[in-house]
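Engineer: Next comes the sequence, and after it the predicted model I'd like to discuss.
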Amino acid sequence: MRICVVGAGAMGGFMGAMLAAAGDDVSLVTLGDQLTAYQRNGVRLLMADGSERVISHVRATDDARRLGRHDTVILAVKAHQIEAVAPSLPFLFGPDTTVVTIQNGIPWWYFYRHGGPFDGHSIACLDPNGVLITHIPAERIIGCVAYPAAEVVAPGVIRHVEGVRFPVGELDGSESDRVTRISARFIAAGFKSPVLADVRSEIWLKAIGSLAFNPISALTRATLVDICRFPETRELATHMMHEAEQIATKLGAALRLPIERRIAGAEHVGAHKTSMLQDVEAGQPLEIEALVHAVLELGRLTETPTPFTQAVYACVKLLDRTISRAASLEREEARSTPAHRVA
């Protein structure tokens, strides 16, 4: 299968490298030092079992428009980065190209092909300008939930922390030939990738954890195990998850695990930094809208109170603004500093 991974950071790079190792024709789209490292040395994986793998037979570029048509596009950029890359994606599309989305949180396409009372409803905070649905037609999309934990430890070097589960599903719940083929390729690459009849329920199961653990970790600088073992933050996470569970239930989703087991699973992962905490430490914009704001919007849509989530959202939104201001000031100072004064 010819596969393009758009956003080959920790998760996208891990998926792309494993698929290439299994024999798929893989292209990676990324930027900066990560791109340079991939082009020079390929992808180096530090696996959770202690083994190392180097996958060098991948193409890497910063411009998807150069790559031509692919059978499958894995959209692995963070949710707040999709709008920037969306106009380039049609250059990858042939008549039957599918787009597998692996973003954390609630996806912008949630109500497309939903079939419920809100069928076709747009989640305003996720696609305010209609850019995503314009460039990524809903009929091309396969939903996917990314459970593994991974992190970039150096340019081109990805550490796999734990997990290999990537369940997939059609938006209308059908077991199509295309979703079956994608599942088979993922399984051949060493992933657990069952085809789900209700991918939205699985998205909610992952989303309730992201909703709580990501912003709490960003605000406290704490790892998953620390949040779960500190009584006050464990209680806060539980309240936020209960709010989200009520919304999910009203929308017809059913969580297959109780909240306490979801928290226990996060605790078991150990001293792992969430993606939002990694962004805080890197001074990068935070993935707030899909992880937190979308849940608040769905709370209003379903008339569900969300006081705990609203309070955390206010704090992490200010944190994001503070980080952005600091980065802007740093850039301004760098521009205004005479060249001869730079050490």
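Structural biologist: Now that the structure is in, tell me what you want to look at.

Engineer: switch to C-alpha atoms for all contacts and neighbour counts from now on
Structural biologist: Will do.

Engineer: Show me the longest strand that occurs in the chain.
Structural biologist: strand 93-101 (DSSP state E).

Engineer: So for the helix or strand following that one, mean pLDDT?
Structural biologist: Stepping forward along the backbone from strand 93-101, the first helix or strand reached (DSSP states H and E) is helix 131-135. This predicted structure assigns helix 131-135 an average pLDDT of 95.

Engineer: try stretch 239-259
Structural biologist: Mean predicted lDDT for stretch 239-259 stands at 96.

Engineer: How about stretch 70-79?
Structural biologist: Average pLDDT, stretch 70-79: 97.

Engineer: which other residues reach it?
Structural biologist: Contact partners of stretch 70-79, identified using C-alpha atoms under 8 Å, 6 or more residues apart in numbering, comprise 1-9, 11-12, 92-94, 96-104, 107, 126, 287, 289-290.

Engineer: Please indicate which of these are buried?
Structural biologist: Using 16 or more other C-alpha atoms under 10 Å as the burial test, those include 3-9, 11-12, 92-93, 97-104, 107, 126, 287, 289-290 as buried.

Engineer: What helix or strand is Gly169 located in?
Structural biologist: Taking DSSP H and E as the criterion, the element that holds Gly169 is strand 168-170.

Engineer: next helix or strand past that strand?
Structural biologist: Following strand 168-170 in sequence order, the next helix or strand is helix 177-188 (DSSP H and E).

Engineer: buried set for that next one?
Structural biologist: Residues of helix 177-188 classed as buried under the neighbour-count rule (16+ other C-alpha under 10 Å) are Arg178, Val179, Thr180, Ile182, Ser183, Ala184, Arg185, Phe186, Ile187, Ala188.

Engineer: just those now: which is nearest Gly143?
Structural biologist: Val179 (9.4 Å; C-alpha to C-alpha).

Engineer: Surely the closest one and Val168 touch.
Structural biologist: Yes. Judged on C-alpha atoms under 8 Å, Val179 makes contact with Val168 at a distance of 7.1 Å.

Engineer: got the residue ranges for the helices in the stretch 1-150 of the chain?
Structural biologist: 10-21, 32-41, 82-85, 131-135 (DSSP state H, counting those that start in this stretch).

Engineer: so which of those comes closest to Gly252?
Structural biologist: Shortest distance between Gly252 and the helices of the stretch 1-150 of the chain, using C-alpha to C-alpha, is found for helix 131-135: 23.0 Å.

Engineer: Just give me the residue right at the centre of this structure.
Structural biologist: When C-alpha atoms, centre = their mean is applied to the chain, the residue found nearest the centroid is Gln103 (2.7 Å).

Engineer: What count of nearby residues applies to the residue lying closest to Arg59 once chain neighbours are set aside?
Structural biologist: Closest residue in space to Arg59, ignoring its immediate chain neighbours: Ser27 at 4.6 Å, by C-alpha to C-alpha, 6 or more residues apart in numbering. Using other C-alpha atoms under 10 Å, Ser27 has 24 other residues around it.

Engineer: I'd like the distance from Ser27 to Ala17, if you could.
Structural biologist: With the distance defined as C-alpha to C-alpha, to the nearest Å, Ser27 ends up 10 Å from Ala17.
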